[in-house]
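In: Here you go, sequence then predicted model.
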Amino acid sequence: MRTSLTLSLAALTAVLAAGTASAQPGPRAETTRADVEQRTAERFGRMDANDDGVLNAADREATRREAFDSIDADKDGAISFAEFDGRREARGESRGGDGARERGFARRGDRGGPGMARSADADKDGAVTQAEFTTAALTRFDETDADKDGTISLEERRDARRHSRHDRHRDAPARDAG
């Protein structure tokens, strides 16, 4: 159970970390707090698979079940190699060029680390409410908004990415050279 929660929160992290960067419509657009609040509400709605108002292991299970069912073309409760192999074609057709899923915790290319997921669950009860989800996204926004003008510029976004990469490398355990 603890592993499932950790995995669920790690997936949530990817979404939260990408929230600020993906909230802008284009690569040069600025992002406001209102943009982040709107995008966060939309993402929470997509991720809350059972519409119970919290993100938890039940949502993760529902998302996994939905993914399984989408691959199990003959609905026999088993995935054959042909069905598994065919998912690539089906995914390409269903993406429509934008790569977005209707529901799910993360998309390929989303970034994040487990620290942000742990911080999203403020009361450490194993579930993330919409308020916790929004607070975590806005905290990330505020950390990125260096000049505190309520807007994240392209330069602020780049600086935040640079610092994030630096922190990940600094905190990574040293590898043995021998």
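Out: All right, it came through fine.
In: how long is stretch 144-159 end to end?
Out: Start-to-end span of stretch 144-159 (Cα to Cα, to the nearest Å) is 8 Å.
In: Going by neighbour count, which residues in that stretch are buried?
Out: 144-145, 152-153, 156-157 (16 or more other Cβ atoms under 10 Å). To be clear about C-beta, it is placed using only N, CA and C from the backbone, and glycine gets the same treatment.
In: again with stretch 32-52
Out: Buried residues in stretch 32-52, counting neighbours by 16+ other Cβ under 10 Å, are found at 32-33, 35-36, 39-40, 43-44, 47-49.
In: Same question for stretch 125-135.
Out: Residues of stretch 125-135 classed as buried: 127-130, 132-135 (neighbour count, 16+ other Cβ under 10 Å).
In: now the end-to-end length of that stretch.
Out: Terminal residues of stretch 125-135 lie 16 Å apart, using Cα to Cα.
In: what sits up against that stretch?
Out: 5, 9, 12, 16, 37, 40-41, 43-44, 48, 53-57, 120-123, 136 (Cβ atoms under 8 Å, 6 or more residues apart in numbering).
In: so residue 68 is in which element?
Out: Under the criterion of DSSP states H and E, residue 68 resides in helix 57-71.
In: What count of nearby residues applies to the nearest residue to residue 75 once chain neighbours are set aside?
Out: Residue nearest to residue 75 in three dimensions, not counting chain neighbours: residue 69, with 7.6 Å by Cβ to Cβ, 6 or more residues apart in numbering. Residues contacting residue 69 under the criterion other Cβ atoms under 10 Å number 12.
In: Check residue 69 and give its pLDDT.
Out: Predicted confidence (pLDDT) for residue 69: 93.
In: Could you check how far it is from residue 120?
Out: With the distance defined as Cβ to Cβ, to the nearest Å, residue 69 ends up 28 Å from residue 120.
In: do the same with residue 159
Out: Using Cβ to Cβ, residue 159 is found at 23 Å from residue 120.
In: where are the low-confidence patches of the chain?
Out: 1-28, 90-119, 166, 168-178 (pLDDT under 70).
In: which residues of it fall in strands?
Out: 31-32, 54-55, 128-129, 151-152 (DSSP state E).
In: Quick one: closest of these to residue 79.
Out: Residue 79 lies closest to strand 54-55 among the strands of the chain, at 26.2 Å (Cβ to Cβ).
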